[in-house]
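[1] Could you work out the structure for the sequence below:
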Amino acid sequence: MNHRFRLGAFSALLLLAGVATAAGSQRWYSEAQLRQGEQVFQQHCASCHGQQAEGTPDWRKAGPDGKYPPPPLNGTAHAWHHSLKVLLRQIRMGGQKLGGTMPGFAGKLSNEEMLAAIAWFQSKWPDRIYAIWEERNRPRASGQGGLRAPIPAASLEDLSRAKQRLQPQQ
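    Reported below is the predicted structural model:
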C-alpha cells in the first residue's frame, strides 16, 4: 500500500467519523453542567419531580384543587416537546399560571443553575427522544419554522465572563 493511498483512506475515515458524530450523538451540555445540574435538581426539584425526574404517577389528572401534579422530566412526558427557551421560562416563572403548582425560581436560581438542571434531566432522555427534541429545535435554513437550537455547552468560566459583561458598570 503506498503512502498516498493510506493518507487518503485515513482522511476519509476521519471525515466519516466527523459526520457520524455531528449526526447525533453529541448533546448540548458538558459533564460539568451535568454534575452541577444533578446537585441543583436534587436540592430544588426532586421533592416534586422525583429523584430520577420520574414525576408523579397521575401527572395527567388534575387534583381536587384543579391543579396538575408534577410531570416526569425524564423523557416520558411532554418536557421534550418544549424548546430550551420554554423550559427555562417554565423554571424561572413556574407553572401556576398554567394550572400547575410549580413555583418560579427567578431570584432563587441563576440561569446557569437552571440550564444545569435542564441538562441533568435531559440526560435521562432516551437518545431517540433527545434526537426528536433536537430536530424540532433546529433552526430552519429559510428562517421559517423550527425553534431556536439548544445553546452549546459552555464552561462555567465562559458563563461567568458573559454574566460579568452583562452586569451594569459601576
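
[2] Next one: G63 relative to T101, how far apart?
    When distances are taken as Cβ to Cβ, to the nearest Å, G63 and T101 turn out to be 9 Å apart. For every residue, glycine as well, the C-beta is placed using N, CA and C.

[3] okay, and the common contacts of those two?
    Counting by Cβ atoms under 8 Å, 6 or more residues apart in numbering, the shared contacts of G63 and T101 are P69.

[4] Between these two, which is the more surrounded one?
    Set G63 next to T101 and count neighbours by other Cβ atoms under 10 Å: T101 wins out with 14 against 11.

[5] Let's see the pLDDT reported for the more buried one.
    Listed pLDDT for T101 reads 88.

[6] residues contacting it?
    For T101, the set of contacting residues under the criterion of Cβ under 8 Å, 6+ apart consists of 48, 67-70, 95.

[7] Now with 7 Å, please.
    Contacts were defined as Cβ atoms under 7 Å, 6 or more residues apart in numbering; by that measure T101 touches 67, 95.

[8] With A62 instead?
    Residues in contact with A62, defined by Cβ under 7 Å, 6+ apart, are Y68.

[9] try 10 Å this time
    The contact partners of A62, taken as Cβ atoms under 10 Å, 6 or more residues apart in numbering, are 68-69, 99-100.

[10] I'd like to know which of these are buried.
    Restricting the contacts of A62 to buried positions leaves 68-69, 100, with burial counted as 16 or more other Cβ atoms under 10 Å.

[11] ok, so of these, who is nearest A53?
    Distance to A53, by Cβ to Cβ, is smallest for P69 among the buried ones among the contacts of A62, at 14.0 Å.

[12] Just say helix, strand or coil for the closest residue to the closest one other than its chain neighbours.
    With Cβ to Cβ, 6 or more residues apart in numbering as the criterion, P69 has its nearest non-adjacent residue at 4.2 Å, and that residue is T56. The local conformation at T56, judged by DSSP: H, G, I helix; E, B strand; the rest coil, is coil.

[13] T56: neighbour count?
    Residues within reach of T56, counting by other Cβ under 10 Å, total 16.

[14] got it, and K124?
    The criterion is other Cβ under 10 Å. On that basis, K124 has 18 neighbouring residues.

[15] Cheers, nothing more for now.
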